[in-house]
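Chemist: Just to be clear, the model below is a prediction. Sequence and coordinates:
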Amino acid sequence: MNKQAVVQRILKGRFQHKRTHGQGFAPSNIALCKYWGKQNDELNVPTTPSLSISLGKWGAHTKIYPIDLLEDIIYLNGQKIDADSAFYQRLTTYLDLFRFETKTHFKIETDINLPVGAGLASSACGIAAVVKALDNLYDLELTNQELSILGRLGSGSACRSFWQGFVEWQVGIEPDGRDSFAVPMSLSWPELRIGLLIVNRAEKTVSSREGMKRTMLTSPFYSEWPTKHALDFARLKQAIFDQDFAMLGATAESNALAMHALMMTAWPPLVYSEPNTLEAMQTVWRCRQKGLSVFFTQDAGPNLKLLFLEKEIELVHSIFPMIEIIAPFEALEKIC
Ligand code: PMV
């Protein structure tokens, strides 16, 4: 089954009404237990489950307008995006799945309040917000499960961006991925904080899609990943149930480092870290030796996300004055 067939199956008979425009917001999400590898490359069905935390008000606000032109027009943070850019190509290819009336093109206005393409999950929230805006534009009344599946087709991790808080993406067993969607964990942890440590705002040169493929095909250690991952996944869930921060932080950090070790052993090697990334990691480790409970996670980019508790804000901030601190469980009812 291809993407178009999945979209048609979900939207069959749903497409009736059209507003002048649709809009939607989706938070960015950071994986504590990573998605890195696919069993179905076309449909983004993962090899392992993953577990993330959403970033509250940090994410994408998107408006979508059907237009009578021969191509899409995309604005990102107020700037018109060049039709040759990777961002434009990626989004229009995704929109091709939703051109219900022949010739429908769209004007998209999206505001993402995070650096784009730098491993801060901007594609996850970007795609999820587009799905929500399309749902709103056409009054599709999709369930969260359906939204999650549609998001997954655009960017795997987007399937976790339809909820706030902790979110789990299950692999599923169906070959067409109909049971591969995310579900929220109804557990909150108000004291949890995430510090965005931006080392470099530039867009990454190797996409997650390409990086994942290369790692799976060439890293001699990829076969070990599901075993390590299953252990981390179980530990993380336990840590969340028990509100055991040391366990959560250590497991998330170890999972991220294991993923980056796989990337480094791919060929050609894939190293997203930069000198400042390693320096920040060493500072985190020194802090821990001195008794400060701070950990990090890292995605497909040089930037780190620090994990710590509310009571450590001042100390962490004094060591990393440049971080943006996010309280993922704060005022969620106002955001969702
Ligand atoms: O959804 P993608 O294709 O952008 O891949 C995301 C990969 C990681 O961010 C590294 C891990 C994850 O689970 O989000």
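Modeler: Cool, the structure landed.

Chemist: Write out the residues of the stretch 201-336 of the chain neighbouring the ligand.
Modeler: Within the stretch 201-336 of the chain, the residues that sit near the ligand (CB under 6 Å from any ligand atom) are 208-209, 299-300. (C-beta placed from N, C-alpha, C; glycine too.)

Chemist: the helices in the stretch 151-300 of the chain, which residues?
Modeler: Counting by DSSP state H, counting those that start in this stretch, one finds helices in the stretch 151-300 of the chain at the ranges 208-218, 225-242, 245-264, 275-289.

Chemist: Pipe those into CSV and attach mean pLDDT per row.
Modeler: Output for those, formatted as CSV (pLDDT from 0 to 100):
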stretch, mean pLDDT
helix 208-218, 96
helix 225-242, 97
helix 245-264, 98
helix 275-289, 97
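
Chemist: Burial-wise, tell me which of those comes out on top.
Modeler: Across the helices of the stretch 151-300 of the chain, averaging neighbours per residue (mean count of other CB atoms under 10 Å) puts helix 245-264 on top, at a mean of 20.

Chemist: Centre of the chain to that helix, how far?
Modeler: With CA atoms, centre = their mean, to the nearest Å as the basis, helix 245-264 stands 17 Å off its chain's centre.

Chemist: Could you list every helix and strand in contact with it?
Modeler: strand 22-33, helix 208-218, helix 225-242, strand 295-298, strand 304-309 (3 or more CB pairs under 8 Å, 6 or more residues apart in numbering; DSSP states H and E).

Chemist: Spell out whether the first one and the ligand are in contact.
Modeler: Yes - among the residues of strand 22-33, Ala31 lie within reach of the ligand under CB under 6 Å from any ligand atom.

Chemist: Name the strands paired with that strand and say parallel or antiparallel.
Modeler: When pairing is defined by DSSP bridges, strand 22-33 lines up against strand 50-67 (antiparallel).

Chemist: Pull out the buried residues from the strand it pairs with.
Modeler: Within strand 50-67, the residues scored as buried using 16 or more other CB atoms under 10 Å are 50-66.

Chemist: Now do the contacts for Arg235.
Modeler: The contact partners of Arg235, taken as CB atoms under 8 Å, 6 or more residues apart in numbering, are 247, 251.

Chemist: redo that, cut-off 10 Å
Modeler: Arg235 sits next to 33, 244, 247-248, 250-252, 254-255 when contact means CB atoms under 10 Å, 6 or more residues apart in numbering.

Chemist: now Leu304
Modeler: For Leu304, the contacting residues are 119, 195-199, 253, 256, 273, 276-277, 280-281, 284, 295-298, 320, 323, by CB under 10 Å, 6+ apart.

Chemist: any idea how far the ligand is from the closest residue to Phe245 other than its chain neighbours?
Modeler: Nearest residue to Phe245 in three dimensions, chain neighbours excluded: Leu309, at 5.6 Å (CB to CB, 6 or more residues apart in numbering). Distance from Leu309 to the ligand, counting by CB to the nearest ligand atom, to the nearest Å: 23 Å.

Chemist: do the same with Lys18
Modeler: Distance, Lys18 to the ligand, by CB to the nearest ligand atom: 29 Å.

Chemist: element containing that residue, please.
Modeler: Using DSSP states H and E, no element contains Lys18; it sits outside every helix and strand.

Chemist: Thought Phe98 was touching it, still the case?
Modeler: No - between Lys18 and Phe98 there is no contact, the gap being 11.9 Å when judged by CB atoms under 10 Å.

Chemist: Spell out which residues are contacts of both of these two.
Modeler: With CB under 10 Å, 6+ apart, Lys18 and Phe98 have common neighbours 104, 137-138.

Chemist: TSV please, covering those residues and showing pLDDT.
Modeler: Listed next are the shared contacts of Lys18 and Phe98 as TSV, based on pLDDT from 0 to 100:
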residue	pLDDT
Thr104	87
Leu137	93
Tyr138	91
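
Chemist: For burial, what's the neighbour tally of the closest residue to Cys287 other than its chain neighbours?
Modeler: With sequence-adjacent residues excluded and distances taken as CB to CB, 6+ apart, Cys287 is closest to Val294, at 5.3 Å. For Val294, the count of nearby residues is 22 (other CB atoms under 10 Å).

Chemist: give the contact list for Val294.
Modeler: By CB under 10 Å, 6+ apart, the residues touching Val294 are 193, 195, 249, 253, 283-285, 287-288, 306-309, 312, 315-316, 319-320.

Chemist: any idea how far the ligand is from it?
Modeler: From Val294 to the ligand the distance is 21 Å (CB to the nearest ligand atom).

Chemist: Please work out which residue of the stretch 51-200 of the chain is closest to the ligand.
Modeler: For the stretch 51-200 of the chain, the residue positioned closest to the ligand under CB to the nearest ligand atom is Ser157, at a distance of 3.3 Å.

Chemist: My guess is that residue contacts Pro27. True?
Modeler: No - with contacts defined as CB under 10 Å, Ser157 does not count as touching Pro27, sitting 12.0 Å away.

Chemist: Buried by neighbour count: which residues of stretch 12-30 qualify?
Modeler: Neighbour-count burial for stretch 12-30 [16+ other CB under 10 Å]: 22-30.
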